[in-house]
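Q: With the sequence up front, the predicted model follows.
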Amino acid sequence: MLKSLFLFTGLVLLAACEAPPERNCNNFKTGEFSFTTNIDGEDKTTTFIRSLDTEVDFFEGKQDTSSVRWINDCEYVLKNLNPKNKAEEKSIHIKILTTSDSSYTFEYNAIGDKRKFKGTAFKIH
């Protein structure tokens, strides 16, 4: 029994010492990206081009432009520059959670909305 306790404690300690997820957010501040999400059972892909202060989104043949305001190296706020309805007037808060060589996983929500969603964006260029 004592052996099992020591083994379990050792495994817990090893797991606790695991390196934190990689977050090289600066690699993803600018560039061309794609993001796919499921809407009503159908996969939909958005591509976007981001500079330090502007993001242009392309979705189903339509183009939208948003301002980008970086809060810190891994968080930013998007504000649609030409909203067409009340929903598009809400700014979107995005937080990069983890990064890899060619993608980042992020959490996002409309400011003021408690519901948060996750996604992964892939760098195209």
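A: Sure, I can see it. These numbers come from a predicted model, not from an experiment. Numbers count the residues shown, from 1 in each chain.
Q: least trustworthy helix or strand in the protein by mean pLDDT?
A: helix 2-16 (a mean of 47; mean pLDDT, DSSP states H and E).
Q: Quick check: next helix or strand after that one?
A: strand 31-39 (DSSP states H and E).
Q: Partner strands of the following helix or strand past that following strand, with direction?
A: Along the chain past strand 31-39, the next helix or strand (assigned with DSSP H and E) turns out to be strand 42-50. Using DSSP bridges, strand 42-50 pairs in its sheet with strand 31-39 (antiparallel), strand 54-59 (antiparallel).
Q: Report the distance from stretch 34-43 to the chain centre.
A: On the basis of CA atoms, centre = their mean, to the nearest Å, stretch 34-43 sits 15 Å off its chain's mean C-alpha point.
Q: residues in contact with that stretch?
A: Outside stretch 34-43, the residues within contact range by CB atoms under 8 Å, 6 or more residues apart in numbering are 44, 45, 46, 47, 48, 119, 120, 121, 122, 124. C-beta coordinates here come from the backbone N, C-alpha and C atoms, glycine included.
Q: Tell me the spacing between the fifth one and residue 80.
A: Yep, that's residue 48 we're talking about. 13 Å (CB to CB, to the nearest Å).
Q: List buried residues within the contacts of stretch 34-43.
A: 46, 47, 48, 121 (16 or more other CB atoms under 10 Å).
Q: For the first one, list the residues it contacts.
A: Pointing back at residue 46 there. Contacts of residue 46 (CB under 8 Å, 6+ apart): 34, 35, 36, 37, 57, 58, 59.
Q: if we can go back for a sec, nearest to residue 103 among the strands paired with strand 42-50 would be which one?
A: Nearest to residue 103, of all the strands paired with strand 42-50, is strand 31-39, at 8.6 Å by CB to CB.
Q: Brilliant, that's me finished.
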